[in-house]
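**Student:** take a look and give me a structure for this.
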Amino acid sequence: TVAGGMARFINHSCSPNCRAQLVSGSGPEGRGAKVVIFAQQDIPAGAELTYDYKLSSGLMFNPGEVPMCIEDVEQRMRADGLTVTRCCCGAPACRKLL
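**Tutor:** Numbers count the residues shown, from 1 in each chain. Have a look, this model is predicted:
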């Protein structure tokens, strides 16, 4: 990749050490807004930086709904025309999908 900011090198994790936050811009109609990455904890030198991409978080569980198995989630996403991407972060609480 030759375009984009340095955040393109930060991987996803379901248990991240960073968080992404939208910071509003000062231009017309909010233009100039940026996504800024913040550490959620002290991160040792040389440690991998990760944040939660949250691409499927709204599809996984609804309030009062019994959590679905990964195959049901994938089926729902495909039915909605969404791309299914499996998560390989290895975190103990991994959601299994990005």
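**Student:** which neighbouring elements make contact with the lengthiest helix in the chain?
**Tutor:** The longest helix of the chain (DSSP state H) is helix 70-79. Secondary-structure packing of helix 70-79 (3 or more Cβ pairs under 8 Å, 6 or more residues apart in numbering; DSSP states H and E): helix 57-60. Any C-beta I mention is one placed from the backbone N, CA and C, and that applies to glycine too.
**Student:** and the end-to-end length of stretch 43-54?
**Tutor:** 21 Å (Cα to Cα, to the nearest Å).
**Student:** how far away from the center of its chain is that stretch?
**Tutor:** The chain centre lies 12 Å from the centre of stretch 43-54; the measure is Cα atoms, centre = their mean, to the nearest Å.
**Student:** so which bits of the longest helix of the chain are buried?
**Tutor:** Neighbour counts over helix 70-79 (16 or more other Cβ atoms under 10 Å) mark Val73, Glu74, Met77 as buried.
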